[in-house]
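Novice: everything below, folded, please.
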Amino acid sequence: MSRSVEIVGAGLAGLAAACRFAQLGWRVSLHERSHELRMFGAGIWLWESGLKTLSVLGAFEQATARARTIQEWRIADRNGNTLMSRPMTRTDRLLLPPRADLYQALIDRAIALNVEIFTSSTVTDVNAEGEIVLQSGARRRADLVLIANGAYSVLREQILATAWMDFGIEAGIRMLIDQKPGDPTEIITEYWDGAWRLLFNPCTSGENYIFLSAPVGDERARKLPIDRALWKEHFPDAGGLIDRFSEASRWDRLVNVRCRHWSDGHVAVIGDAAHAMPPNLGQAANTAFINIMALAMILEDNRDIPGALRTWEVAQRPISDHVQWWSYLYGFVLGKWPEKQLALRSDALRALSKTEWFDHSLNLGARHVPAGFEGVGVITPQVPRKFPVESIVSMLASRAVG
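Specialist: As a prediction, this is how the structure comes out:
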């Protein structure tokens, strides 16, 4: 007899989980409180780990049909001087589709896999026995309940999972703008000016994705419609780009969520409900995908669901914690570095980015092979390497002498 799963939240994590469990023969019900399935946002970074997941789910072709294939991610100062370059290869890819394309591909795949989708369906309570309670008072029981309703999930506290929630020091604005002749089509450029950031992402043949971040206390920076004059003050060489900024923008706090545990009995949290992080590495959705793939694989051969959920967390927490910490640290370095020492920050980033330790640590999640890809079982993530203190001190010293 097939097992059943009730999934709360039809975002990217909820849909990916619905597709994977349905593929494996589970009876899947997906609950979305909105009256329709819709996706906010602009573009999304899909690293190798996420692309492999989509391939397994059968959503790769549709999700990436319009996506730009990125050849390089570079960080530059406000004058365009390169601080870091992260190249891509054919086996270490980064594709950048509109988020709506990815979302629709997962919706279509879920429908094709006979996932039962309920809209205008608000879940008010869950319990460890695998029961959910709807706003109408109706109760539904399943072998597994997955909470996938985002960083601000109230249901997460029904299993007392939240350790802390940090609203951080940055605010972010996302938008899509028109593609113009001469715009880069293969290179992401992330401009830094102190604590302010402008990220240009080629997205499709007709649109580019822009992400802006600034200290959350900067009222002008979080103003909508966008204060173009402010951003030109910080990035004068990008004036032509800034003039194209869209009025249809979205402002967000860049939040972190850490959990005491990911599960209780037959209930687990996934996606942003489990490990929300700032979008600094573009790995939040990719991390959710690899965790979902691992969970489905562990449950394939284990009928003890509470025990399997504990095993899953032990296996997956290290890589999730690592990616989340690096995303958090990235924002801290960007937003809290002393203004008088920005030259040192630039030198430190140039030096660090050339080390094997930095490359390994930055890309640990992006290069992870998800469970279920071409016969791969649940694998233990690589252990983060030791910080290369001596080599970094030596490089910085040589730059100072030079």
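
Novice: how about E48, what does it touch?
Specialist: Counting by CB atoms under 8 Å, 6 or more residues apart in numbering, E48 makes contact with T91, D92, R93, L94, A366, R367. In short, each C-beta sits where N, CA and C put it, glycine included.

Novice: closest to L134 among those residues?
Specialist: Ranked by distance to L134 (CB to CB), those are led by A366 at 37.7 Å.

Novice: what about the nearest residue to the closest one once chain neighbours are set aside, distance to R367?
Specialist: Spatial nearest neighbour of A366, excluding adjacent residues (CB to CB, 6 or more residues apart in numbering): W47 at 3.6 Å. Distance, W47 to R367, by CB to CB, to the nearest Å: 8 Å.

Novice: once you drop chain neighbours, what's closest to I159?
Specialist: Nearest to I159 is D264, by CB to CB, 6+ apart, at 3.8 Å.

Novice: tell me who's in contact with the one you found.
Specialist: D264 neighbours (CB under 8 Å, 6+ apart): A128, I159, L160, A161.

Novice: for PyMOL, write the select line for the buried members of these.
Specialist: Selecting only the buried entries of the contacts of D264 in PyMOL, with 16 or more other CB atoms under 10 Å as the criterion:
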select buried, resi 159+161
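
Novice: tabulate the contacts of D264 in TSV, adding columns for pLDDT, secondary structure and distance to M175.
Specialist: Formatted as TSV, those follow (pLDDT from 0 to 100; DSSP: H, G, I helix; E, B strand; the rest coil; distance: CB to CB, whole Å):
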residue	pLDDT	secondary structure	distance to M175
A128	97	coil	42
I159	96	helix	36
L160	96	coil	38
A161	97	coil	33
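
Novice: the helices in the stretch 51-200 of the chain, which residues?
Specialist: Counting by DSSP state H, counting those that start in this stretch, the stretch 51-200 of the chain has helices at residues 60-63, 99-112.

Novice: about what we covered before: hmm, V369 and the residue nearest to A366 touching each other?
Specialist: No - if you go by CB atoms under 8 Å, W47 and V369 don't touch, sitting 11.6 Å apart.

Novice: more crowded one of the two?
Specialist: W47 (27 against 16; other CB atoms under 10 Å).

Novice: and the more buried one, how close does it get to A221?
Specialist: 28 Å.

Novice: now A276
Specialist: Taking CB to CB, one finds A276 at 22 Å from A221.

Novice: can you give me the strands in the stretch 1-150 of the chain?
Specialist: 4-8, 27-31, 46-47, 68-69, 72-77, 82-87, 94-96, 116-118, 123-127, 131-134, 139-141, 144-147 (DSSP state E, counting those that start in this stretch).

Novice: same list (those strands) but as JSON lines, adding mean pLDDT and distance to S213.
Specialist: Listed next are the strands of the stretch 1-150 of the chain as JSON lines, based on pLDDT from 0 to 100; distance: least, CB to CB, whole Å:
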{"stretch": "strand 4-8", "mean pLDDT": "98", "distance to S213": "30"}
{"stretch": "strand 27-31", "mean pLDDT": "98", "distance to S213": "32"}
{"stretch": "strand 46-47", "mean pLDDT": "98", "distance to S213": "20"}
{"stretch": "strand 68-69", "mean pLDDT": "98", "distance to S213": "21"}
{"stretch": "strand 72-77", "mean pLDDT": "95", "distance to S213": "13"}
{"stretch": "strand 82-87", "mean pLDDT": "95", "distance to S213": "16"}
{"stretch": "strand 94-96", "mean pLDDT": "98", "distance to S213": "18"}
{"stretch": "strand 116-118", "mean pLDDT": "98", "distance to S213": "34"}
{"stretch": "strand 123-127", "mean pLDDT": "97", "distance to S213": "32"}
{"stretch": "strand 131-134", "mean pLDDT": "97", "distance to S213": "36"}
{"stretch": "strand 139-141", "mean pLDDT": "97", "distance to S213": "40"}
{"stretch": "strand 144-147", "mean pLDDT": "98", "distance to S213": "28"}
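
Novice: closest to Q283 out of those strands?
Specialist: strand 46-47 (6.4 Å).

Novice: what sits up against the closest one?
Specialist: 54, 63-64, 67, 93-97, 102, 282-283, 285-286, 365-367.

Novice: before we move on, what about stretch 225-232?
Specialist: Counting by CB under 8 Å, 6+ apart, 173, 196, 198, 212, 220-221, 223, 238-239, 242-243, 245, 247, 249 sit against stretch 225-232.

Novice: let me know the average pLDDT across that stretch.
Specialist: For stretch 225-232, the mean pLDDT works out to 92.

Novice: taking the centroid of this protein, which residue is nearest it?
Specialist: A284 (1.7 Å; CA atoms, centre = their mean).

Novice: and it, what does it touch?
Specialist: D272, H275, A276, M277, S327.

Novice: where do the helices sit along the stretch 201-350 of the chain?
Specialist: Counting by DSSP H, counting those that start in this stretch, the segments of the stretch 201-350 of the chain that form helices are 228-234, 239-242, 272-275, 284-300, 305-336, 342-352.

Novice: among these, which is nearest N114?
Specialist: helix 284-300 (16.5 Å).

Novice: could I get the buried residue list for the closest one?
Specialist: Those would be 284-299, for helix 284-300 by 16+ other CB under 10 Å.

Novice: quick check: pLDDT value at the residue nearest to D143 when sequence neighbours are not counted.
Specialist: Once flanking residues are discounted, D143 sits nearest to R3: 4.3 Å by CB to CB, 6+ apart. Note for R3: predicted pLDDT of 97.

Novice: wait, doesn't R3 sit right on W26?
Specialist: Yes - with contacts counted by CB under 8 Å, R3 reaches W26, the gap being 5.3 Å.

Novice: tell me, what's touching those two both at once?
Specialist: By CB under 8 Å, 6+ apart, the residues touching both R3 and W26 are L144.

Novice: indicate which one of the helices of the stretch 201-350 of the chain is closest to P181.
Specialist: helix 239-242 (11.8 Å).

Novice: contacts for the closest one, please.
Specialist: Helix 239-242 is contacted by residues I177, L198, F200, I210, R228, W231, K232, F235 when judged by CB under 8 Å, 6+ apart.
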